[in-house]
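Chemist: how would this look folded up:
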Amino acid sequence: MRQRAVFLDKDGTLIRDIPYNTDPEKIILNDYASEGLTLLSARNYLYFIITNQPGIALGYFKEEALDGVKNKISGMFKKSSADLTGFLYCPHKENSHCLCRKPSPGLILQAAREFKLNLTESWMIGDILNDIEAGNRAGCHTVLIDNGNETEWKDGVFRTPEFIASSLQEAAEYILNKS
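Modeler: So this is what the prediction gives:
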């Protein structure tokens, strides 16, 4: 039996969005994120961070700087009784036409191959429609956390979330009711 997963966008969804931040001391969970992680941890999902990190291509920070970010977030998962399985990021800048930058589903598909995931029973949670498009293109269920970070609201075939939540906790409650 293939494993289910929850894919989480990092900035704005799980943690407060500070553009190009790699300082672990400035990484703070969003309100109700810890509660959401704790709720989901009871259902035996694998957890992956799926994030665009154009600061690498733009020269704002080196790729190695993400090690501290990953470690800090992994510690936050453990405090919420969850384990972070993977931290996947796209290092390219916008308009690079790579396959890994959201809204492309490349990072989700990579995780599915490496961990033999069942994407039809997996979830993508994000705070902008590019996150939702990546999840829908990969064949996942999707939840948009409407916290004001999506400002463009561009329509598209893959840009409609299955559910809109106000927080990661509300998203987790919806997922638990559906699974």
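
Chemist: can you give me the strands in this structure?
Modeler: For the chain, the strands defined by DSSP state E cover 5-8, 46-52, 84-90, 123-126, 141-145, 163-165.

Chemist: winner for burial among those?
Modeler: A comparison of the strands of the chain by mean neighbour count, using mean count of other CB atoms under 10 Å, puts strand 123-126 on top with a mean of 30. Using the backbone N, CA and C atoms, a C-beta is placed for each residue, glycine as well.

Chemist: distance from that strand to the middle of the chain?
Modeler: Mean C-alpha position of strand 123-126 versus that of the full chain (CA atoms, centre = their mean, to the nearest Å) differs by 6 Å.

Chemist: residues contacting it, please?
Modeler: Defining contact as CB atoms under 8 Å, 6 or more residues apart in numbering, one finds that strand 123-126 is touched by 5-9, 13, 45, 50, 102, 108, 131-132, 134-136, 138, 140-145, 168, 171, 175.

Chemist: which stretches of the protein have low pLDDT?
Modeler: 1 (pLDDT under 70).

Chemist: ranges for the helices of it?
Modeler: Applying DSSP state H to the chain gives helices spanning 33-41, 66-79, 106-115, 129-138, 168-178.

Chemist: would TSV of those with distance to Tyr20 and mean neighbour count be doable?
Modeler: Output for the helices of the chain, formatted as TSV (distance: least, CB to CB, whole Å; neighbours: other CB atoms under 10 Å):
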stretch	distance to Tyr20	mean neighbour count
helix 33-41	20	21
helix 66-79	11	17
helix 106-115	19	18
helix 129-138	17	25
helix 168-178	22	19
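
Chemist: determine which of these approaches Thr160 most closely.
Modeler: Closest approach to Thr160 among the helices of the chain (CB to CB): helix 129-138, 7.2 Å.

Chemist: ok and that closest one relative to strand 141-145, angle-wise?
Modeler: Compare the direction of helix 129-138 with that of strand 141-145 by axes from the mean of the first three to the mean of the last three CA atoms, to 10 degrees and you get 170 degrees.

Chemist: and stretch 161-179, how far out from the chain's middle?
Modeler: Centre-to-centre, stretch 161-179 and its host chain are 14 Å apart (CA atoms, centre = their mean).
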